[in-house]
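Engineer: starting from these lines, generate the structure:
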Amino acid sequence: MAGDTTLSENYAFAGVFHVFDQHLDSAVRKVQFAHDERHLLACCSLDGTLSVCRLAPGPPAVLRRLRGHGAGVSDFAWSLSNDVLVSTSLDGTLRLWDPADGRCIRRVPDPDGAALLCCAFQPLNNNLTVVRNSP
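Structural biologist: Residues are numbered from 1 along each chain as shown. Down below sits the predicted model:
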């Protein structure tokens with residue numbers, strides 16, 4: 001344990017904030033911090049939106065909500081430089097977002113119209129995104 005503290009003191013969770021109030025009616029599927037950034041995170045929800053949140057300075061806040069998917073957002077990923085988010089949705093589209101202003105940069109539909117389940121940027125080349133659709 002850190003210093004001379006007990007287990008309960010180490011996990012007291014003093015100062016815990018809830019930053020997902022914008023997704024009350026649907027499940028939050030994923031929460032992920034931006035790369036090498038401890039105060040910036042995003043989450044996606046089955047309500048069809050993503051949220052970009054700032055934890056510090058000051059009280060945590062939702063910076064912007066990314067809207068555009070026609071069904072639940074199943075997954076998302078940050079680019080290595082944190083300047084782009086990619087998201088997949090049950091509506092059968094992949095979207096690229098600018099997290100700084102919330103703008104949808106590009107919408108790519110699945111050729112078969114299948115729900116898209118997961119996505120990832122290729123770590124060394126943000127021009128390559130891998131996506132998995134439903135069978």
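Engineer: got the contact list for residue 43?
Structural biologist: Contact analysis of residue 43 by CB atoms under 8 Å, 6 or more residues apart in numbering lists 20, 23, 28, 29, 30, 31, 32, 50, 51, 53. (Each C-beta comes from the backbone N, C-alpha and C, glycine too.)
Engineer: also residue 74?
Structural biologist: Counting by CB under 8 Å, 6+ apart, residue 74 makes contact with 29, 44, 88, 89, 90, 115, 116, 117, 118.
Engineer: buried by neighbour count, from the residues you listed: which ones?
Structural biologist: Buried residues within the contacts of residue 74, counting neighbours by 16 or more other CB atoms under 10 Å: 29, 44, 88, 89, 90, 115, 116.
Engineer: let's have those in JSON lines, adding secondary structure, distance to residue 105 and pLDDT.
Structural biologist: Shown next, in JSON lines, are those (DSSP: H, G, I helix; E, B strand; the rest coil; distance: CB to CB, whole Å; pLDDT from 0 to 100):
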{"residue": "29", "secondary structure": "strand", "distance to residue 105": "21", "pLDDT": "87"}
{"residue": "44", "secondary structure": "strand", "distance to residue 105": "17", "pLDDT": "94"}
{"residue": "88", "secondary structure": "strand", "distance to residue 105": "15", "pLDDT": "97"}
{"residue": "89", "secondary structure": "strand", "distance to residue 105": "15", "pLDDT": "97"}
{"residue": "90", "secondary structure": "coil", "distance to residue 105": "21", "pLDDT": "96"}
{"residue": "115", "secondary structure": "coil", "distance to residue 105": "22", "pLDDT": "96"}
{"residue": "116", "secondary structure": "strand", "distance to residue 105": "17", "pLDDT": "96"}
